[in-house]
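Undergrad: missing the sequence, but the structure's below:
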Ligand SMILES: C[S@@+](CC[C@H](N)C(=O)[O-])C[C@H]1O[C@@H](n2cnc3c(N)ncnc32)[C@H](O)[C@@H]1O
């Protein structure tokens, strides 16, 4: 699969302003993130964690409160540089890596964290992503994902159609006015269940007005 250059460029250039998404002053939105943060604190207790597409390390920092160790990764050097500025409460190693070309050993992590990525994953890439996640997590380990529902995006909601793979395309603008068109898919709980349940047992699905999150265990251990 070809790397999606526009999304890589978009997040690289957005790195220094990215974390504003967590601090928009909408109390209910904030509450839903804080509730998920509590669930992440619980889920990560004493675990060895691999985080993919970590961005500025928002979830890394929360996970670090209780985790044993975290290996965290992103394709963007700018994002990793932002993440390195934070203080963590457990050992955290940063790796600059494409999540499709990960240099990590198979089945060696208790838990994988993947925040706000799934909505950007082209539909044609789901099987590849699911195989990647299933091959990296230890047998019996878990995968956590969070992503947003349309109200979380505030005013920045313009869809500009769909691509040939049926993915929703949205225009995004940085504070310097630069525009990007990126994939941003949305899901209902039913759609999530139907997409995820072939590859995973869904241990938990929380579907809020602003966010959804899941905890998954792979149905079959992939060894390739
Ligand atoms: C929406 S941000 C999510 C950041 C963080 N996980 C969070 O929840 O705040 C998406 C992240 O994916 C990263 N990314 C984009 N393409 C990637 C790829 N192929 N492999 C790894 N990370 C990628 C971007 O650099 C960006 O940091």
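TA: Received, thanks. All values reported here derive from a predicted model rather than from experimental measurement.
Undergrad: what about residue 139, distance to the ligand?
TA: 24 Å (CB to the nearest ligand atom, to the nearest Å). Backbone N, C-alpha and C define where each C-beta goes, glycine included.
Undergrad: In this structure that residue contacts residue 107, no?
TA: Yes: between residue 139 and residue 107 there is a contact at 6.0 Å, judged by CB atoms under 8 Å.
Undergrad: Show me which of those two is the more surrounded one.
TA: residue 107 (17 against 10; other CB atoms under 10 Å).
Undergrad: secondary structure class for that one?
TA: coil (DSSP: H, G, I helix; E, B strand; the rest coil).
Undergrad: Mind telling me what element the nearest residue in space to residue 56 that is not next to it in sequence is part of?
TA: Nearest residue to residue 56, sequence neighbours excluded (CB to CB, 6 or more residues apart in numbering): residue 82, at 4.2 Å. Assigned by DSSP states H and E, residue 82 belongs to helix 77-84.
Undergrad: and the helix or strand following that helix, what does it pack onto?
TA: Going down the chain from helix 77-84, the next helix or strand is strand 92-96, by DSSP H and E. On a contact count with 3 or more CB pairs under 8 Å, 6 or more residues apart in numbering; DSSP states H and E, strand 92-96 meets strand 69-74, helix 77-84.
Undergrad: Nearest to residue 217 among those would be which one?
TA: Closest to residue 217 of the helices and strands packed on strand 92-96, according to CB to CB: strand 69-74, at 19.7 Å.
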